[in-house]
Every structure is written in C-alpha cells, then in structure tokens.
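S.K.: build me a model:
(2 chains)
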There are 2 protein chains.
Amino acid sequence: MTLSLQEALERIRPVDPAKEAAVQARLDIQTKPPGSLGRLEEFARRYVAITGRESIGKKVIFTCAGDHGVTEEGISAFPREVTPQMVLNFLDGGAGINALARHAGAEVVVVDLGVDYDFPPMDGLLRRKIRAGTNNFVRGPAMSREEAVRAIETGLELALICRERQIGLVGTGDMGIGNTTPSSAIAAVLTGLTAAQVTHRGTGINDEMLARKIRVIEKGIEQNAPDRRDPVDVLAKVGGFEIGGIAGIVLGCAALSIPVVVDGFISTAGALIASELHPHVRDYIFAAHRSVEIGHGHILERLGQEPMLDLQMRLGEGTGAALAMTLIEAAMRMLREIRTFEEAGVSRERQK
Amino acid sequence: MTLSLQEALERIRPVDPAKEAAVQARLDIQTKPPGSLGRLEEFARRYVAITGRESIGKKVIFTCAGDHGVTEEGISAFPREVTPQMVLNFLDGGAGINALARHAGAEVVVVDLGVDYDFPPMDGLLRRKIRAGTNNFVRGPAMSREEAVRAIETGLELALICRERQIGLVGTGDMGIGNTTPSSAIAAVLTGLTAAQVTHRGTGINDEMLARKIRVIEKGIEQNAPDRRDPVDVLAKVGGFEIGGIAGIVLGCAALSIPVVVDGFISTAGALIASELHPHVRDYIFAAHRSVEIGHGHILERLGQEPMLDLQMRLGEGTGAALAMTLIEAAMRMLREIRTFEEAGVSRERQK
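M.R.: Numbers count the residues shown, from 1 in each chain, chains lettered A, B, ... in the order given. Down below sits the predicted model:
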C-alpha cells in the first residue's frame, strides 16, 4: 500500500473531544485531587483519544538526514561531511539519540533523504535519497516541487510502515549540517516574522556568522518568493529533504491515527509544513521540548503546542522526542495503575 | 550508627566545582555541539561531582506522612482520615506515587512521622511516629522544639539507611491532609513574604476557603512569632512532622554525599529548612518540578534551584521526584554512552 499526499490529506480527521472527556472522567475518580497530575493527565487523555489504546507498546524514532546546498554560504560551525559521519555514528549506536532512545526503549531508524554520500545497505538505515543535498537557496529553489512532494510522500511511507508494524508512538528527529538555516527560513515565511526574529546560532556560531546567516535567509526568501499559502512551495523553495520527510511523517501519523512526538526546531519546521497543509494535524502532535533556538517558540505558537520539556537542549536527532516519550509512558502508567477512591477505600473531597 | 543534627551539620561540605568541570570536559568531546544537551549535561556533572559515580543504581523515594492540628480550622478540601487511608493505598501500590515510582524503577518507602492512626507493622512502612498529628498552630506551637529535632533526626536516620544500602539517588515525598498550610507558613517566614503571596489552593479549595487559609497562616505566625534566623524554631512553631522528616532527609543526604531529588511544594518547604540550616545543602538538591502552588516559585528561588520539569502538577507524594529521577538516569546514560569525536571518526567544529 502507498499513500499519496492528496490521499493523506483526505484521511485526516479531528480527534473527538468526547473521547478525551471519557478518559478525564476516569482520571477524576482516581485517588488524587482532580487534575493534580496536570499535564500527565492531558498526555493520557490525548493518547487514548487518538489511538483507543491504554498502552503504547513499540516506539520508533525516525532520524531523517539530508544535506544543504546553502552550507556553501558559510552558515554552520561544522563542515558538511559531518552529516554522513553522524549517520554512521547513529548506525553504530554512538550518538546522543542512541543513548536517549535506549533510555526510552525506542528503536532508532535513520532515513537518508538527501545526504551527500552513498551509503551501502546497512541495518537501521532506510535509503530514500531524493538527491545528494539541496541546491543553495540563495541562487534558486532548494528543490523542485516534484522533489518536495516526493520527500513528503517518503514520510507518508514511513507512517504506513509504522501502522503495519503496530508502532504505538512515533518520534521525529533530524540530522543535516546547516539545517537550522532552512528551518528558520520556513519559520519566517509561515509565521510572517522577519528572518532576524527566527534565526539563532544553530550548533554554535559567532555573531558575525549569525549576521551572515540572517542575510542568507533574507536573500533566499527574496530570491525565491515562496508562497505562504502553499506550504509545499515553501518547502521546495527554502526547505530541505529531511524537513520534507519529517513533514510527511507528521502528516502520515495524523492520517493513520498514530500519535507523533515532534522533536525540536528542525522537526517543528517540518511539522509546521504539515500543519499548514491540514489544520487537524496538530491534534496528533506532542511537542517534545522547547529548544534554545529563538525561532522555536514562534513555530510552537503557530502549531498551537505547549512543549513538554524545557531543558535548554539544541541537539536535534530526536533527542528531545526520546525524553518526551518517557513522559507519555509515565502518563499511561498513571492512567492504568492508580486505583479509584472506591477501590482503595479512600474518602472523597467534601462538596464545595 | 546514628547521626545527630549537630553532627550532620558539621559533615556538610560544598561540592567541588573542579569535579564538575572534569565531567564537562568529557561531555565537550562527545559527538554533539558542546553544551547542546543543555540541562542533561548539568544533571550529569552534578551527579558525578557529588558521588564520584557514573551510574545511579538503586533509587528510593521516601513518602513522609503526618497529620496536622490546623485542619480543625477547615483549610483543606479533604477530610483528615484521608492521610491514613492514603498511607494504606501507598502500601498496597495503588496511588500516584506507586505508578510513577514503578515507571522510574524506584522503591517507595512510606514513613509515618505523625499520622493520627496506629498502623500495624507492614511491608514498606517505617513507623517513626513522633506524635499522632501536630497541634493547631493557631493556638500555639505545632510541636515542641525537641519534637522538631526528633523529626529532623528521623530524616537523618533515613539518609544513613540509604548510605548503608548503597542507594544512588533519594527522592522525597509527602502525604498529610492540610500540609500546604504549614508549608506556606514556613515559606512566608523564611522568605519574608506575606501569607497571601505564598498561599494557594492546595488540593483544590474555593475562594472563601483560600481567604480563611491565609488568615489562619497569618494568625499562626502572629501567635507563635517564629524566629526566621532559627529554622528549627520555624519548623516547631508552624511546621509539620513529615516536613521535619523531609528536612532531615535532605540534610542527611547532603552530609553523606547522596544526591536528593526534592519533590514539590511541601518537600521544598522541608528542603528550605535544611538549606537555611547550612548553605551548602543546596549543592546536593535536584528540584524535581515547578508546582502549581504559587509559593513554590519563591521557595525555589530562595533555594537557588531551577526546577527540572514544569507539568502543572500538584499531587505531592513524591510524584514529581519520580519523574525527575528518570531525567537524571537519561543524563547518566548520555554521559556513559555517547562516543567522542575521535572514537566515532566525526569531524570537529571549525575554530571560531
């Protein structure tokens, strides 16, 4: 089975608030003051309303990788060859996402959507290269519209695989030297803010490079004039292949009723493209954390999401998603295991 | 072996910043931009600097229980008999703390420091009752100074037990109907703020009860005139037995170099007493989360702590501590498992 972008958009439905209310009614007779587990209660309500299930089972984090032509403008502290080097590190289990995914009990699947390196077939790697890196968007569109659709449809394929494998929770992650630059460009176009308002230091550039990065984003937007009302056009003009893949995963999860934990800045740029394509996508998103990147808060606001964690992280790869998954697991355990007042023989609160 | 309050205070040393720096130096050659795992890096640094160890091992949460004479003023939404009922629920494994401690892989030990009920010997319960509930502090001191010292020294005994059992991480928690009232009173006295600034709705009281609760706290402070420079006096005049026990656990952990995860509002009131007794106690504290209680932020500020989580929780019992423990576990895994640039063959960032 395959899922086209159009088919995915047609399948997306809002999550039924009555289902959430039914879960809350049960939480309210558990032995604790009503609402006192705060956002854990929200996570449990939303998970059950989306899936109809009370336990998560298998979890997968897709770390989507791609290279960026815009790196030739000198906007990153790391050289471009780090993208394939880190992909190999992921496959060897030695990176941040591997450590935190093991902590969370999640499988890491690395997806090559556009790395400038030919990987042989390897365990844990899905080879779905659209092209070996985008074009430098200062000189023209990062990719063609057809490539943008293919990147999104690759993400849809991943969501379909998750449905077949009965994955209960999907996480997104990214790897791509330079990819905060297209993410800031997407954020600027889709929120209507200036490049300066949504551009930060990425993996750690200095003031001079930051000023250059902002100018590069401004030029890219001016040069390509992406159409804010057409998210696929925005992805094509100033996006990236891995960002398109993430947009597709989020869209596919929404179409197939799989809750999706969206990692930090780059992942939310992908989620924003998905959410602008269909308003009910947001019902399926769990925003993992608030990144240090200044554009992230603006994207989260536009997505209508309050992040689960704020640990001053800015690594990407899906590391925030891995941590957030453990909070959803905790929420489900709360739902399943706390006894009711009646079961435990505990007196209720007085009527007010 | 026993530990008196005086002996504990004499043992407390600041944590060596050079040890933290050594851990950070290692984190900085791991395959990620320096500092990009944010507060996880802080948690790992602090844990290793306190213990000299790179894995946690066994974890215990002490849920300290006590009753409060001040409940006769009508300041709680729940009747007083809920304290022993919830203790039995903890021992049966059916409460919030049980679910979240199982999630965190932590053992729950319930400590009766002052519940108005005679428990038989039971698995998982430490019977260390000082007295069956404090006095109503509107009419006089909640307890004698000697009782306050005994409550603290009970906590010190618990820390000693943890050292003997080689517990790698201790969490605090509380149960006691009415105990946000003494916690707010302690917060007001030790921060110098008014009762209204640090008093909130506890487990869910209405406006009228909130106004009454504030008046009760004001009266208690006026009536007993606790001495702000003498934290044991503050505990005795307007505190609670379980709060004294928590103060002792925190102090004992500091004296014995065991990192201690302090739960929400009531637990931080105990930690504040410990911290006012000795300034270096704070080096050993991990503040689990930001509670909904308005006084909590003021206590955290005085403790010099930034909470790890903000999930709008207000249950107590140690539930926030259980969740926070999982983040420290994640941090230790990061430290142990991420490869260095050299090991993984990944290029470093360019010199700036």
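S.K.: helices or strands up against the helix or strand harbouring A:G270?
M.R.: A:G270 is located in helix A:265-277, with elements delineated by DSSP states H and E. Taking 3 or more Cβ pairs under 8 Å, 6 or more residues apart in numbering or on different chains; DSSP states H and E as contact, the helices and strands that helix A:265-277 lies on are strand A:167-175, helix A:180-191, helix A:231-238, helix A:241-255, strand A:260-262, strand A:285-287, helix A:294-303. No exception for glycine: its C-beta is placed from N, CA and C like everyone else's.
S.K.: okay, the ones you listed in a markdown table with mean pLDDT and mean neighbour count next?
M.R.: As requested, the helices and strands packed on helix A:265-277 are exported to a markdown table (pLDDT from 0 to 100; neighbours: other Cβ atoms under 10 Å in any protein chain shown):
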| stretch | mean pLDDT | mean neighbour count |
| --- | --- | --- |
| strand A:167-175 | 98 | 29 |
| helix A:180-191 | 98 | 28 |
| helix A:231-238 | 98 | 25 |
| helix A:241-255 | 98 | 32 |
| strand A:260-262 | 98 | 31 |
| strand A:285-287 | 98 | 25 |
| helix A:294-303 | 97 | 21 |
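S.K.: how far is the helix holding A:G270 from where the chain is centred?
M.R.: Its chain's C-alpha centre lies 7 Å from the corresponding centre of helix A:265-277 when counted by Cα atoms, centre = their mean, to the nearest Å.
S.K.: chain B contacts on the stretch 201-350 of chain A?
M.R.: Within the stretch 201-350 of chain A, the positions lying close to chain B (Cβ under 8 Å from any Cβ of the partner chain) are A:203-206, A:292, A:308-315, A:319, A:322-323, A:326-327, A:329-330, A:333-334, A:336-339, A:343-350.
S.K.: tell me the spacing between A:V234 and B:V15.
M.R.: A:V234 sits at a distance of 49 Å from B:V15 (criterion: Cβ to Cβ, to the nearest Å).
S.K.: returning to what we had before: could you list which of the residues of the stretch 201-350 of chain A next to chain B belong to helices?
M.R.: Taking DSSP state H, the ones among these that sit in helices are A:319, A:322-323, A:326-327, A:329-330, A:333-334, A:336-337, A:343-344.
S.K.: follow-up on the earlier one: any chance of the helices and strands packed on helix A:265-277 in TSV, plus distance to B:G140?
M.R.: TSV is the format used below for the helices and strands packed on helix A:265-277 (distance: least, Cβ to Cβ, whole Å):
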stretch	distance to B:G140
strand A:167-175	55
helix A:180-191	60
helix A:231-238	68
helix A:241-255	61
strand A:260-262	53
strand A:285-287	51
helix A:294-303	51
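S.K.: quick check, pLDDT for the residue in the stretch 51-200 of chain A that chain B sits nearest to.
M.R.: Nearest residue of the stretch 51-200 of chain A to chain B, counting by Cβ to the nearest Cβ: A:G94, 3.5 Å away. Per-residue confidence at A:G94 stands at 98 (pLDDT).
S.K.: give the contact list for the spatially most central residue of chain A.
M.R.: Using Cα atoms, centre = their mean, the residue of chain A that lies closest to the mean C-alpha position is A:V262, 2.9 Å off. When contacts are counted by Cβ atoms under 8 Å, 6 or more residues apart in numbering or on different chains, A:V262 touches A:171-172, A:246, A:250, A:268, A:270-271, A:285-288, A:305, A:321.
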